[in-house]
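requesting a structural model of the entry that follows:
(one chain, ligands or ions: 2)
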Amino acid sequence: MTYVVTDNCIMCKFTDCVEVCPVDCFYEGENTLVIHPDECIDCGVCEPECPADAIRPDTEPDMEKWVEFNRTYSEKWPVITQKKDPMPNATEMDGKEGKLEEFFSEKPGDGD
Ligand code: SF4
Ligand code: F3S
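Ligands and ions are numbered 1, 2, ... in the order given. I've put the predicted structure just below:
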């Protein structure tokens, strides 16, 4: 199994998660993060760190789409291991519906 980042990270990107990952398997897009499913060791310590509750185990229902999403972009984006400032309107964007369709950017982030 693996943990994955889901849509509520988009436009929030709080980055508390990256600080606790023992294997540095988070990758940074312009406005969200992903986890590399083959590098994640399923320790689970990142899940409670996310203020937006965006990290999920793939054992939950309907997670296949998110595993593929995380895999696809983790192979395109740079690794991120250090916390940085969240997106400018992160608090307002937390919980907003339709983020994937309306806001997701395929562009890479800056990484570390
Ligand atoms: Fe990293 Fe553990 Fe989270 Fe996987 S579950 S991304 S290994 S902190
Ligand atoms: Fe995103 Fe939550 Fe990490 S908002 S950057 S998954 S702490």
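
quick check, I55 in contact with V5.
Yes: using C-beta atoms under 8 Å, I55 is in contact with V5, at 5.8 Å. All C-beta atoms are positioned from the backbone trio N, CA, C, and that covers glycine.

for these two, indicate the residue with more neighbours.
Higher neighbour count among I55 and V5: V5, with 27 against 21, using other C-beta atoms under 10 Å.

so what does the longest helix seen in the chain touch, helix or strand wise?
Longest helix in the chain, counting residues (DSSP state H): helix 64-74. Applying 3 or more C-beta pairs under 8 Å, 6 or more residues apart in numbering; DSSP states H and E, one finds that helix 64-74 makes contact with strand 3-5, strand 33-35.

show me what contacts Y27?
Contact partners of Y27, counting by C-beta atoms under 8 Å, 6 or more residues apart in numbering, are 33-36, 73-74, 76-80, 111.

and M93, by the same measure?
With contact taken as C-beta under 8 Å, 6+ apart, M93 is in contact with 10-12, 87, 99, 103.

at 7 Å what do you get?
M93 is in contact with 11-12, 87, counting by C-beta atoms under 7 Å, 6 or more residues apart in numbering.

redo the helices and strands packed on helix 64-74 as CSV? Include distance to C43 and mean pLDDT.
Shown next, in CSV, are those (distance: least, C-beta to C-beta, whole Å; pLDDT from 0 to 100):
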stretch, distance to C43, mean pLDDT
strand 3-5, 8, 98
strand 33-35, 11, 98
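
is it possible to get JSON lines of those that adds distance to P48?
Shown next, in JSON lines, are those (distance: least, C-beta to C-beta, whole Å):
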{"stretch": "strand 3-5", "distance to P48": "11"}
{"stretch": "strand 33-35", "distance to P48": "15"}
